[in-house]
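# pasting the structure only:
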């Protein structure tokens, strides 16, 4: 919990200091009910989706993105609903990151993806290969990327 408080305090200070800081939060979908092609979330997954809503309560999100799968939409829904936001569907293969960053300049957004797409997207945003694909058993990673002018910082909070 201390990690979360520290990360959000840092993020809020950064937002106040620069005004045009963009913060991108990335998470993987929560636990799924089975390994079928497009499964729902399991009971544990639905609980984790609610947990993400709680973790992100103080974050002034302006947009919530999700791939077009049941498990990602169900993970994003509690947070989006709590912020009165519509979920924006995206395809990780065709997502235009420059357009995304320009469209949400100075804002905070959440992107919900998958074990292979979330770290890859984080790497593309920071323009470095830092993050490896997420193991199929890991659901509690939160990637936080802040962009202020030409400065990009990033961190990974694990086990949330």
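Here it is on my side, so go on. Please read all numbers here as calculations on a predicted model, not as lab measurements.
# So which helix or strand of the protein has the lowest pLDDT on average?
helix 2-18 (a mean of 50; mean pLDDT, DSSP states H and E).
# As a quick check, tell me the outermost residue of this protein.
In terms of distance from the mean C-alpha position of the chain, residue 36 ranks first, at 23.5 Å (Cα atoms, centre = their mean).
# Work out for me the element the residue sitting nearest the centre point of the chain sits within.
Taking Cα atoms, centre = their mean, the centroid of the chain lies closest to residue 26, which sits 2.1 Å from it. Assigned by DSSP states H and E, residue 26 falls within strand 22-28.
# in that strand, what counts as buried?
22, 23, 24, 25, 26, 27, 28 (16 or more other Cβ atoms under 10 Å). Yep, even glycine has a C-beta here, placed from its N, CA and C like the rest.
# Same question for stretch 101-120.
Those would be 101, 104, 107-115, 117-120, for stretch 101-120 by 16+ other Cβ under 10 Å.
# Those: which two are farthest apart?
Within these, 107 and 115 form the most distant pair, 26.2 Å apart (Cβ to Cβ).
# where do the helices sit along this protein?
Secondary structure of the chain (DSSP state H): helices at 2-18, 43-55, 70-82, 97-103, 117-126.
# Just put the ones you listed in a markdown table and tack on distance to residue 153.
A markdown table is the format used below for the helices of the chain (distance: least, Cβ to Cβ, whole Å):
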| stretch | distance to residue 153 |
| --- | --- |
| helix 2-18 | 8 |
| helix 43-55 | 19 |
| helix 70-82 | 23 |
| helix 97-103 | 14 |
| helix 117-126 | 8 |
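# Can you give the contact residues for stretch 112-130?
Applying Cβ atoms under 8 Å, 6 or more residues apart in numbering, the contact partners of stretch 112-130 are 24, 26-29, 64-67, 69, 72-73, 75-76, 92, 95, 97, 101, 111, 131-136, 138, 141, 143, 145, 147, 152, 154.
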